[in-house]
Structures are given as C-alpha cells and as structure tokens.
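Visitor: Structure for this input, please:
(chains A and B)
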Amino acid sequence: MSLYVDIEKKFSGFCLRAKFEAEQEVMGILGASGCGKSMTLKCIAGTIKPDKGRIALNGVTLFDSEKGINLVPQKRHVGLLFQNYALFPNMTVQKNLMAGVRPWEKDRKKARDQVREFVERFYLTGLEKHRPSELSGGQQQRVALARILLARPRLLMLDEPFSALDGYLKWKLELELMDILKEFDSTTLFVSHSRDEIYRLCSRVCVMENGRSAPAVSVKAMFEEPKTMAACQLSGCKNYSAARPAFGPGREGGAWVLACDWGVELECERPVPENITHIGVRSHAIHVALGEGDERKNVIECRILRIVEDVFHMVVMASPLNGASGQDGSQLRLEMSKEQWAACARQEGEVIRVFIDPAHIMPLVSSE
Amino acid sequence: MDWYPLYNSLRIALISSVIVFFAGIFAAYYIARLNRVVKGILDVVLTLPMVLPPTVAGYFLLLLLGTKRPLGIWFMENFGIKLVMTWYSGIFAASVVAFPLMYRTARGAFESFDETLAYSGQTLGLSNTYIFWHIRMPVCRQGILAGAVLAFARALGEYGATSMLAGYTPGKTATISTTVYQLWRTDNDTLAFQWVMVNLAISAAVLLTVNMLERKSKRK
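Guide: Here you go, the predicted model:
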C-alpha cells in the first residue's frame, strides 16, 4: 500500500468523509464541484487539518489524530498542482523553478543544472526570464508541473488541471500529461469532474458525492457497471427511471424490473439486486424499431417531444406513452448518428417504438 | 536660519517610520489569523489613534509615560531616562499616530493575497520565513509601500501629540510643525513662511520618489 487515507472533517453544513487507498497508480477522484475533492487533497497536503483519521504515505504517517501526529506540509513530500497553478507572480520562470529545488539542493550550481534539465524536458527553453503573467495557460501549467516535480514529491496530486483551459489546448496538454505521469512512476491522485479525463488518464477511480467517498473501483468497471446513482450520473448516463424487481408469469429468474417512470417491465441480462431503486440506460443504447415486423425485447412506445440537432449527432427526446406523465425524469433521451435518424424519417409528435438491449440496462442503488 | 527643526523632524519621522513599518506588518499578519472576537477588539484599539484627535492620543500617552506615571517612574528609576519633553518623545507620539495607517494598508494588502501561493510554497518545502519574505511581501509590495509612505508623511507632519509629549524647546524638541506654529504665534511671518516652503519641498520630494519607485517596479 502506498497511500492510505481515512479522514473526517466537519464544516458548517458540510461533512467530509474520505476513505481510500492507492497503489503506485494513477487514481482518479471523480465528483461534482463542491463535493469535497479539493478539500481531500488539501488535507493530504497538510494545508487543512482534518478533525480525525489517519493519512499515511509509503509507510510514513503524515497525520494521525489518535497519536497526535500532524506533519507540516514541508515534511510531507507531497506535490499538489493547484487549479490556478499558484505560480509566484513576483518571480521569473527560472526563479519559480529554483523554488522547487531550493529546499533540498543547497549547491546553487547543481540546483541550476537541475532547473536547466527540466526547462528542456518541459519545453520551456527561452521562457526562463519571463514572468508567469506573460505565459499562456499551457506554459503556466508546464512551469507549475516542472516546479512540483523538481521538489521530488513521493505523491503527486492534480486538482482539476485542465479546468482553466479550452478545447484544443486541453487535449494537447492531456497527451503531455500522460507522458509525464508515465515517467513519474509514483502514486498520483487525479481530481476531476470530467468522466472523460478520468477514463483516459486513470486506472482506478473513487467517486465522491456530498463529501463521501465510495470504494475505489477500476475505471472500466465504473463506466461499464456503475453501482450507484451518483456513479452512474458522473459516468455520463442520462436516462433514469425508478425501478423495482418484477415478478409473475413469464417474469422468472429475477432478471425483470418494473421501470415505474416509464410504465413498462424490462428484462435485464442478469438477475438484478433486490435492493435496486433505479435503472439507468445510456442515450446511445436506446434504438428505434424500424418496421412493425421488427419485434424485439424491451419495447417502449413513445411520443417524440423534441428533435435537437447537435454538432455530430441527433438528440431525440421522447415520452413513454404509459409513463408517469408530466415529469421530466420520465422522458427518454436517444442519441444516434444523423444518418440513422434520417433512416427513421419521423417528426415531432409522432409515436415511435424504441427498444433497449437487456445487456445495456444498468441496475442502480440510490446512495441515500 | 537654524536648521535644527528640519534635522529633528526628519530623524523623528524616519525612526518612527521604521518602527511603525515592522510593527504594522507584524500586527497585520498575525491579527488576520486570530478569531473574530479578538480580531475585532484589537482592530478597534489599534485603529483608534487614527480617528482620535492627536491631542487626545497625546493625553493618553502622557498618562502612560509622564514623569509621575508608572512607566515614566519605572524608566527613571531603572535607567535614569526621562520619557517626555525630550527629542525622542516625538518618536513615541509620531509612532502611535502613524501606526494605524501602516497597519490598515498592510492588512488590506495581506487580505487580498492569494493564500494558495503560500500553500504551494509549503508543499514545495519552502520555509514559512522564506515564503513570507520572498513571496508574500513582494506580492503585497504595492500596498505595503503605500502604507509606509503614508506613515512617514503622517509622522513628519505630526503636531498635536508631539506638542503635548515633547513640547517646544528651540534646539531641543522643536520640529518643523511646532516651529511653524511658534513662529506664526510670535508674529515671525517671514520665517514661518520659509519653514512652510521647506515642508512643502520635503512632501513633494517624498511623493515624487514613491511615484518613481512605482513606475520602476511596474516596468520590471
């Protein structure tokens, strides 16, 4: 075990309870904004003191409320990349980088050599004399990362590193970051509210909701079989219905659920857990049945409410005929390519038959 | 023309500015960290000299430092030092009156300081002393410089509390402001006017220097 975290911290009206372990890996912490992700990182870095619990890194206790241990941030050897990068505005790039080497390398010449090496590695050549305010967002991030890695941390924590950047640059930096993380080769915590970033960069993920962390699972499992409403929502799923197990003739095997909001009984691939409260279905897993003869499992009759053209695909909002009417939650959201939709040739207001593959129904448990 | 008042005013203003500079920064830095009640009380006490008439501030100082008062007696008995009616009494007066200006501007500068800069310094392993002198102070430089200048100007122009604590003795405790008043009171208008011009010249020079410093730091 390389990082162990089990902490509690109370604020006015907010309670943080984070518990997870991380190996030598890139672990993601996924959660909506304000769920306590950044606070967790600050507790590990030592700039916020938790009320109780324990934090250990590579066998060294950083914080232990029972034993009264609370190492100062300087002694934790934890690198934290802040959302705004926190570069020192009064110092040039060179001096900012020197600040990372300074605490452990007293020989000025050796320190400068170290900095020179990192300037080259992070494509900062020629910018040494510039101030942070004169750099682009991407350059600032590279300086901040270089400065942190120069300080030789045993744990690297990235707090929403791409939130301040836009589209194309974001992607470029993400590719750069992948290489840097591969070279770093120690535990990394990657905090984000973006499922895509987490999916691409992390091996395991820990979902946080309202200050509580769920047990870490592999990224693949989190996206293919989310277990809770929160995890499913964060994974980008848009269709939900309250649900309970369905029984009766032809409903054997425990694989049937009643989707209350949609007013239908659906068959799942595998038996559903007894404490199921909801089901989730991804937008692209709902398909339109073409002709009358196209008989399939899990058919829902719907009226088309709205057809929205997106950049690369079509979004169709439909309301199940037997569904709980008037509720937004009862609407289905379908996504398909523009060609697929053109093949259906339907208008707003018409009734269509849609079907859901049993393998794509995700049984969920509400976390409350 | 006897230049003693100029010399005395300058040394009082310079010494009290240095005292106030460090005391003000120290107070601003630590009081910001206290809990709300203590902070509120200390804030009022430390800012009072700014809103009180200087003569009232001088009165309070006399209650503390006067020859028949506890601190005055203690210093006399132990060190043989008289705290009032000497040239350095002006330092006490000027320091107390100028302190709130430094304290409040420095506090404003510290409050607008982005605390994540300090946090990131700590996680990099930089000592708190280094962070204070190499990051917090330079980043807050503008505000702190402005506070120091205001404090110096206030100390240089101090009249009320100084006249109560140090009085006016030509060649001993006379400052520019007390001299101007004395000369005018004794109908020596020409000399009074000359001292007024000296005062104007110093003030203008101070302001010019500050402006130049600011422009220089911006160009960097």
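Visitor: I'd say A:Trp341 and A:Val316 touch.
Guide: Yes: at 7.1 Å, A:Trp341 counts as touching A:Val316 under the criterion of C-beta atoms under 8 Å. The way it works is simple: take the backbone N, C-alpha and C, and place the C-beta from them, glycine included.
Visitor: where do the contact lists of the two overlap?
Guide: A:Ile307 (C-beta atoms under 8 Å, 6 or more residues apart in numbering or on different chains).
Visitor: hang on, A:Ser244 packs against A:Asp261?
Guide: Ser isn't right for residue A:244; it's Arg. No: applying C-beta under 8 Å as the test, A:Arg244 and A:Asp261 come out as separate, 11.6 Å apart.
Visitor: Of those two, which one has the most company?
Guide: Ranked by neighbour count (other C-beta atoms under 10 Å in any protein chain shown), A:Arg244 and A:Asp261 place A:Asp261 first, with 21 against 16.
Visitor: ok, so what distance separates the more buried one from A:Ile198?
Guide: In this view, A:Asp261 and A:Ile198 are 28 Å apart by C-beta to C-beta, to the nearest Å.
Visitor: same question, A:Gln139
Guide: Separation of A:Gln139 from A:Ile198 (C-beta to C-beta): 25 Å.
Visitor: is chain A contacted by the longest helix anywhere in chain B?
Guide: The longest helix of chain B (DSSP state H) is helix B:189-219. No: using C-beta under 8 Å from any C-beta of the partner chain, helix B:189-219 stays clear of chain A, coming no nearer than 9.8 Å.
Visitor: for chain B, what are the low-confidence residue spans?
Guide: Applying pLDDT under 70 to chain B flags the ranges B:216-220.
Visitor: go again using 80 as the cut-off
Guide: B:1, B:209-220 (pLDDT under 80).
Visitor: which other helices and strands contact the helix or strand hosting A:Leu16?
Guide: Per DSSP states H and E, A:Leu16 falls inside strand A:14-22. Here strand A:14-22 touches strand A:3-11, helix A:37-45, strand A:204-209, strand A:212-213, going by 3 or more C-beta pairs under 8 Å, 6 or more residues apart in numbering or on different chains; DSSP states H and E.
Visitor: What mean pLDDT does it get?
Guide: Averaged across strand A:14-22, the pLDDT comes to 91.
Visitor: Next secondary structure after it?
Guide: Downstream of strand A:14-22, the first helix or strand assigned by DSSP H and E is strand A:26-30.
Visitor: what is the rounded mean pLDDT of that following strand?
Guide: For strand A:26-30, mean pLDDT is 92.
Visitor: Please find the angle between the direction vectors of that strand and strand A:204-209.
Guide: 20 degrees (axes from the mean of the first three to the mean of the last three C-alpha atoms, to 10 degrees).
Visitor: what pairs with strand A:26-30, and is each one parallel or antiparallel?
Guide: strand A:187-192 (parallel), strand A:204-209 (parallel) (DSSP bridges).
Visitor: I'd like the average pLDDT over the first one.
Guide: Averaged across strand A:187-192, pLDDT comes to 93.
Visitor: And the helix or strand following it, what does it pack against?
Guide: Tracing the chain past strand A:187-192, the next element assigned as helix or strand by DSSP H and E is helix A:195-201. Under the contact criterion of 3+ C-beta pairs under 8 Å, 6+ apart, helix A:195-201 touches strand A:26-30, helix A:167-184, strand A:187-192, helix A:219-224.
Visitor: how far does the longest one sit from the chain's center?
Guide: Between the centre of helix A:167-184 and the centre of its chain there are 16 Å (C-alpha atoms, centre = their mean, to the nearest Å).
Visitor: Same question for stretch B:201-214.
Guide: Computed by C-alpha atoms, centre = their mean, the chain-centroid distance of stretch B:201-214 equals 17 Å.
Visitor: May I see the buried residues of that stretch?
Guide: B:202, B:210 (16 or more other C-beta atoms under 10 Å in any protein chain shown).
Visitor: Figure out the length between the terminal residues of stretch B:63-74.
Guide: 14 Å (C-alpha to C-alpha, to the nearest Å).
Visitor: Just the buried positions in it, please.
Guide: Across stretch B:63-74, burial judged by 16+ other C-beta under 10 Å covers B:65-66, B:72.
Visitor: State the three-state secondary structure for the residue in the stretch 101-250 of chain A that chain B sits nearest to.
Guide: Using C-beta to the nearest C-beta, the closest approach of the stretch 101-250 of chain A to chain B is made by A:Pro103 at 3.3 Å. Of the three states, A:Pro103 takes coil according to DSSP: H, G, I helix; E, B strand; the rest coil.
Visitor: picking that back up, quick check, nearest of the buried residues of stretch B:63-74 to chain A?
Guide: The closest of the buried residues of stretch B:63-74, once distances to chain A are taken by C-beta to the nearest C-beta, is B:Leu65, at 40.8 Å.
Visitor: I'd assumed B:Ala93 was in contact with the closest one.
Guide: No: if you go by C-beta under 8 Å, B:Leu65 and B:Ala93 don't touch, sitting 9.8 Å apart.
Visitor: Of A:Trp341 and A:Val316, give the one with the bigger neighbour count.
Guide: The neighbour comparison of A:Trp341 against A:Val316 (other C-beta under 10 Å) goes to A:Val316, with 24 against 19.
Visitor: Around the residue nearest to that one when sequence neighbours are not counted, how many other residues sit close by?
Guide: Closest residue in space to A:Val316, ignoring its immediate chain neighbours: A:Leu334 at 4.3 Å, by C-beta to C-beta, 6 or more residues apart in numbering or on different chains. Neighbourhood size, A:Leu334 [other C-beta under 10 Å]: 26.
Visitor: next one: B:Glu115
Guide: Using other C-beta under 10 Å, B:Glu115 is surrounded by 12 other residues.
Visitor: Residues of chain B that sit close to chain A?
Guide: By C-beta under 8 Å from any C-beta, the residues of chain B that approach chain A are B:114, B:116-117, B:119-127, B:130, B:134-135, B:138-139, B:141.
Visitor: ok but A:Gln139 is inside a helix, no?
Guide: Yes: A:Gln139: assigned to a helix according to three-state DSSP.
Visitor: residue contacts, it?
Guide: For A:Gln139, the contact set (C-beta under 8 Å, 6+ apart) comprises A:124, A:127.
Visitor: swap in the one 5 residues further on?
Guide: Contact analysis of A:Ala144 by C-beta under 8 Å, 6+ apart lists A:81-82, A:85-87.
Visitor: any chance of the residues you listed in JSON lines, with neighbour count, secondary structure and pLDDT too?
Guide: Output for these, formatted as JSON lines (neighbours: other C-beta atoms under 10 Å in any protein chain shown; DSSP: H, G, I helix; E, B strand; the rest coil; pLDDT from 0 to 100):
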{"residue": "A:Leu81", "neighbour count": "25", "secondary structure": "strand", "pLDDT": "94"}
{"residue": "A:Phe82", "neighbour count": "24", "secondary structure": "coil", "pLDDT": "92"}
{"residue": "A:Tyr85", "neighbour count": "22", "secondary structure": "coil", "pLDDT": "92"}
{"residue": "A:Ala86", "neighbour count": "25", "secondary structure": "coil", "pLDDT": "94"}
{"residue": "A:Leu87", "neighbour count": "23", "secondary structure": "coil", "pLDDT": "95"}
